[in-house]
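>>> Give the three-dimensional model of this entry:
(one chain, ligands or ions: 2)
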Amino acid sequence: MKIKLMRKREGVYNEVRKERTDERPIEAATVPEYLVFPLNMHIGAPANPIVEVGDKVKIGTLIAEKKGNISANIYASVSGEVFDISDQPTVKGIAPCITIKNNYKEEWEEPFYSENDKLTVTQMKEVIDKAGIVGMGGATFPTSVKLSPPSGTRIDTLIINGAECEPYSTADHRLMVEHAVELIEGVRILARILDVNQVYVALESDTHDSAEEMKKIIDQEDHIDIVELETIYPQGSEKNLIKKLTNREVPSGGLPADVHTVVVNVATALAVYEAIHLRRPSIERITTVSGEPIKEPKNLRVRIGTPISYLIDDCHGFCTNPGKMIHGGPMMGTTINSGRIPITKGTSVITFLEKGEALRSDRTSCIKCSECLNVCPVSLQPILISQAYENGDLDKAERLGALDCIDCGNCSYICPAKIPLLDNIRAAKKEIRSRQEAK
Ligand code: SF4
Ligand code: SF4
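Ligands and ions are numbered 1, 2, ... in the order given. I've put the predicted structure just below:
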C-alpha cells in the first residue's frame, strides 16, 4: 500500500484507495440475530452492566451504565432479550460483553425527554452524556466531557473534523454528502453549547462534493467556515488540524482545551443531532468495509454490536483470500483475527489487505536516513524512542515525548529498515502510562 504522507520536506507522494467506496451511497447493514456489546467500547472505565440474562430490552434500553468520569452509557440497538453476559473477543482483546438476542420486533424505548421540552445548554449536555456519545472517529472519548472544559478554560473555537485520512475510509465523506443538513444542525448545537464564535468544518480536498453540500446549508452563517485541506496523511489528527486552522500548538502532554479549542468528529456531530432532535441514544454508526479482497466494498449503516462477519456477507464476501483484517485503517488500525468481533461506537472502517500487502519484510539495521523524523507530524524522533524502549529505558522514551505520539504509523510505513517503530512506541506508551497510574 502506498499513500501520501505528511512530512516536513517534499518526498514520497502516492495515492489513497478510497475510489471503491467514495461514491457508494450508505446502505443499511443486515441486523443480526445476536449482537455483542463490549463494556469497554469507549476510552476510560468499562461500563457497568445493569441488565441480567433473560431481561427483555427494546431499542434504546440502557444496558450498561457509565462508571466514572471518562466512561459512557451503552444502549441496546435492537429489541429482544439479554442472552448472555460473559467475556468475548473484542477489538481490545477478550473483554466482558452483553449479548442480546434480537426478536426482530423493532420495539423502541421511550425517548430521554419530552418533545415539548426546550432544552437549556446544561440539559443538552446532560442528554449528550446520557446518550452515551463518544468520539466516533475512533478516539471514543466521551463527548460530554469534551463539552465541559475545566472551569476557567475559555473555548473560542470549535473544529468539526471531516478530514478522514485513512486510505480506505469513506464513511465520514458519505455522511457529509448524504446527511449534511443533520450534521450542520449537530454543529450548531455544539457551537451553542460551547458558546463559540468560530467554527471550522475541516475536510480533505478530495471530498469536494461534501464541501459543496454543506456550503449550500450554511450560506447565511458567518461563523461557520468550511475549510478544504490538502489530502495528506494524517491530516485529520487533532493537533495537526488545530495548528493548521488556528496556528495554535497543543502543548506536550496537553489537550486541545489548553489552546481554547475543541475538536469533534463529523460522525459524533451527527450523533449529537440524533440525541437532541430525534431523542435517540448512540445505537448505530456508519462504517466503511473495504480493501482489495472485498468483493463489493460498501459504506454501511450498522447497529452497534453487529459482528463483522455480517458486514463481510453484506459485501458479498471476498474475491481473493485476505491476508489481514484490520479494525480501522492500515495506518492506525488494529489487526484482528475473528469475524465475531463486533462493531462498536468507534468503528469507522474495517479494512482487508491482500496477502502480499500484509507481509512484513524482515527487519534490518537502521541506516540513519532520518526519514522517520521527517514524516513525524508531531516532530518526534521515532527511532530514538524506539531504541530507548528496546533498551528498557522508559525514562528516556518519556523524555523524548513518547506520550505525544499520535499513533499515525508514518514512521513505520516509511522506514526502509522495516523497524517496528510504531509497535515499539505504542508499547512504550502503554508501559509509561501504567507506571504513571501505579505512582
Ligand atoms: S512517532 Fe508517532 S506520531 Fe510520529 S510518525 Fe511515528 S507514529 Fe506518527
Ligand atoms: S526511517 Fe528507519 S532506517 Fe531511517 S532513520 Fe528512521 S529508523 Fe532508521
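>>> what residues does the helix or strand bottoming out on mean pLDDT in the chain touch?
When the helices and strands of the chain are compared on mean pLDDT, DSSP states H and E, helix 355-358 comes out lowest with a mean of 78. Applying Cβ atoms under 8 Å, 6 or more residues apart in numbering, the external contacts of helix 355-358 come out as 1, 292, 321, 322, 323, 324, 330. Where C-beta positions appear, they are placed from N, C-alpha and C, glycine not excepted.
>>> Please pick the buried ones from those residues.
Using 16 or more other Cβ atoms under 10 Å as the burial test, the contacts of helix 355-358 include 1, 292, 322, 323, 324, 330 as buried.
>>> would you list the contacts of helix 355-358 in TSV and tack on pLDDT?
Listed next are the contacts of helix 355-358 as TSV, based on pLDDT from 0 to 100:
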residue	pLDDT
1	52
292	93
321	93
322	94
323	92
324	93
330	87
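>>> domains of this structure?
Here the domain parsing of the chain from the TED database is 26-110+281-356, 121-278, 371-438.
>>> about what we covered before: roughly how far out does the least confident helix or strand of the chain sit from the chain middle?
Computed by Cα atoms, centre = their mean, to the nearest Å, the chain-centroid distance of helix 355-358 equals 25 Å.
>>> any idea how far residue 280 is from residue 31?
16 Å (Cβ to Cβ, to the nearest Å).
>>> the helices in this protein, which residues?
For the chain, the helices defined by DSSP state H occupy 121-130, 143-146, 171-178, 180-194, 208-217, 238-246, 266-277, 308-314, 355-358, 371-375, 382-390, 394-399, 410-414, 421-438.
>>> List the buried residues for the longest one?
Applying a neighbour-count criterion of 16+ other Cβ under 10 Å, the buried positions in helix 421-438 are 421, 422, 424, 425, 426, 427, 428, 429, 431, 432.
>>> The second one and residue 409 touch, don't they?
Yes: at 4.9 Å, residue 422 and residue 409 qualify as touching, with contact defined as Cβ atoms under 8 Å.
>>> which residues of the stretch 51-200 of the chain fall in strands?
Here the stretch 51-200 of the chain has its strands, by DSSP state E, counting those that start in this stretch, at 56-57, 62-65, 74-75, 80-90, 93-102, 157-162, 198-204.
>>> Buried deepest among these, which one?
Comparing the strands of the stretch 51-200 of the chain by mean neighbour count (mean count of other Cβ atoms under 10 Å), strand 74-75 comes out on top with a mean of 28.
>>> tell me the centre residue of the chain?
Centroid check for the chain by Cα atoms, centre = their mean gives residue 138 as the closest residue, at 1.6 Å.
>>> what's around residue 320, how many residues?
Residues lying near residue 320 (other Cβ atoms under 10 Å) number 14.
>>> Show me which residues of the stretch 101-250 of the chain sit near ligand 1.
Residues of the stretch 101-250 of the chain lying near ligand 1 by Cβ under 6 Å from any ligand atom: none.
>>> Output the set of residues of the chain in proximity to ligand 2.
Counting by Cβ under 6 Å from any ligand atom, the residues of the chain that sit close to ligand 2 are 366-372, 383, 414-417, 419.
>>> what do you get if the cut-off is 5 Å, keeping everything else the same?
By Cβ under 5 Å from any ligand atom, the residues of the chain that approach ligand 2 are 366, 367, 369, 371, 372, 383, 415, 417, 419.
>>> Quickly name whichever of the buried residues of helix 421-438 is closest to ligand 2.
Lowest distance from ligand 2 to the buried residues of helix 421-438 (Cβ to the nearest ligand atom) belongs to residue 421, with 6.1 Å.
>>> circling back to that earlier point, kindly indicate which of the contacts of helix 355-358 lies nearest ligand 1.
If you rank these by distance to ligand 1 using Cβ to the nearest ligand atom, residue 330 comes first, at 13.2 Å.
>>> where does this protein dip in pLDDT?
1-16, 116 (pLDDT under 70).
>>> follow-up on the earlier one: right, and the pair among the buried ones among the contacts of helix 355-358 with maximum separation?
1 and 322 (13.4 Å; Cβ to Cβ).
>>> Need the overlap of contacts for those two.
residue 353.
>>> got the contact list for the nearest residue to residue 348 once chain neighbours are set aside?
Spatial nearest neighbour of residue 348, excluding adjacent residues (Cβ to Cβ, 6 or more residues apart in numbering): residue 171 at 5.2 Å. Counting by Cβ under 8 Å, 6+ apart, residue 171 touches 26, 164, 267, 285, 286, 287, 288, 299, 348, 349.
>>> Rebuild the residues you listed as a markdown table, extending it with neighbour count and distance to residue 63.
Output for the contacts of residue 171, formatted as a markdown table (neighbours: other Cβ atoms under 10 Å; distance: Cβ to Cβ, whole Å):
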| residue | neighbour count | distance to residue 63 |
| --- | --- | --- |
| 26 | 20 | 26 |
| 164 | 34 | 30 |
| 267 | 29 | 22 |
| 285 | 24 | 17 |
| 286 | 26 | 22 |
| 287 | 26 | 21 |
| 288 | 31 | 27 |
| 299 | 27 | 27 |
| 348 | 26 | 23 |
| 349 | 27 | 26 |
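>>> Tell me which entries of those lie within strands.
Judged by DSSP state E, the subset of those located in strands is 285, 286, 287, 288, 299, 349.
>>> how about TSV for those residues, with distance to residue 107 added?
TSV is the format used below for those (distance: Cβ to Cβ, whole Å):
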residue	distance to residue 107
285	21
286	24
287	25
288	30
299	27
349	31
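>>> ok, these vs residue 44, which is closest?
The closest of those to residue 44 turns out to be residue 285 (Cβ to Cβ; 18.6 Å).
>>> so that closest one sits right up against residue 343, yeah?
Yes: the criterion here is Cβ under 8 Å, and residue 285 meets it with residue 343 at 7.1 Å.
>>> who touches both of the two?
In contact with both residue 285 and residue 343: 302, 304, using Cβ under 8 Å, 6+ apart.
>>> what's residue 55 in contact with, if anything?
Contacts of residue 55 were listed using Cβ under 8 Å, 6+ apart, and they are 81, 82.
>>> how near is it to residue 85?
Taking Cβ to Cβ as the measure, residue 55 falls 10 Å from residue 85.
>>> so what's the nearest residue to residue 56 once chain neighbours are set aside up against?
Using Cβ to Cβ, 6+ apart and skipping residues adjacent in sequence, the residue nearest residue 56 is residue 81, 5.7 Å away. With contact set as Cβ under 8 Å, 6+ apart, residue 81 has these partners: 54, 55, 56, 57, 100, 101, 103.
>>> if we go to 10 Å?
With contacts defined as Cβ atoms under 10 Å, 6 or more residues apart in numbering, residue 81 is in contact with 51, 53, 54, 55, 56, 57, 99, 100, 101, 102, 103.
>>> How about whichever residue of the stretch 201-350 of the chain sits closest to ligand 1: what's its closest non-neighbour residue?
Taking Cβ to the nearest ligand atom, ligand 1 has its nearest neighbour within the stretch 201-350 of the chain at residue 234, 7.3 Å off. Leaving aside its sequence neighbours, residue 234 sits nearest to residue 408 (Cβ to Cβ, 6+ apart; 4.2 Å).
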